[in-house]
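1. sequence isn't available, so here's the structure alone:
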């Protein structure tokens with residue numbers, strides 16, 4: 001049934017939404033003349049852009065917070081003379097599971113390598129001591 005005196009005509013709704021779609025990059029031709037589902041995909045893309053930007057700002061805040069917290073040993077008034085700040089992180093924070101797993105594996109390998117070098121040093125010291133004892137006999 002056609003109601004020309006509708007309290008809220010659809011045309012008015014389209015005109016109200018038009019500036020929003022222009023602001024997210026849709027052209028007037030796309031909005032008025034192209035496929036209507038294009039507006040849905042522009043809205044969805046805008047939502048993804050906002051989420052990604054929010055995560056970028058959160059990560060940036062995390063870096064700033066970490067940097068300031070590493071400086072705090074030297075920032076307070078009663079810091080001892082010679083106190084040094086902690087060094088800045090050596091690599092970027094992992095942002096997905098694969099990178100987190102890779103970082104964890106690298107840390108474990110480095111820890112194992114330090115342990116191996118420590119044990120080799122102990123072996124070398126003991127070998128010197130035993131060789132010295134054998135030479136003295």
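-> Now that the structure is in, tell me what you want to look at. Owing to the predicted nature of the structure, the values given are computational and were not obtained by experimental measurement.

2. hey, let's count contacts and neighbours off CA atoms from now on
-> Will do.

3. the strand or helix carrying residue 114: how far from the chain's middle?
-> Here residue 114 is covered by helix 97-136, with elements defined by DSSP states H and E. In terms of Cα atoms, centre = their mean, to the nearest Å, the centre of helix 97-136 is found 33 Å from the chain centre.

4. got the buried residues for that helix?
-> residue 103 (16 or more other Cα atoms under 10 Å).

5. next one: stretch 12-29
-> By neighbour count with 16+ other Cα under 10 Å, stretch 12-29 contains the buried residues 18, 21, 26.

6. Throw those residues into a markdown table and include secondary structure, distance to residue 80 and pLDDT, thanks.
-> What follows is the buried residues of stretch 12-29, written out as a markdown table (DSSP: H, G, I helix; E, B strand; the rest coil; distance: Cα to Cα, whole Å; pLDDT from 0 to 100):
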| residue | secondary structure | distance to residue 80 | pLDDT |
| --- | --- | --- | --- |
| 18 | helix | 62 | 94 |
| 21 | helix | 58 | 95 |
| 26 | coil | 60 | 95 |
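
7. how does this structure divide into domains?
-> In the domain annotation for the chain, the residue ranges read 8-93, 96-137 (automatic domain parsing).

8. mean pLDDT for these: which is lowest?
-> When these are ranked by mean pLDDT, domain 96-137 comes last with a mean of 85.

9. okay, the buried residues of stretch 12-29 in a markdown table with distance to residue 54 next?
-> Written out in a markdown table, the entries for the buried residues of stretch 12-29 read as follows (distance: Cα to Cα, whole Å):
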| residue | distance to residue 54 |
| --- | --- |
| 18 | 25 |
| 21 | 21 |
| 26 | 22 |
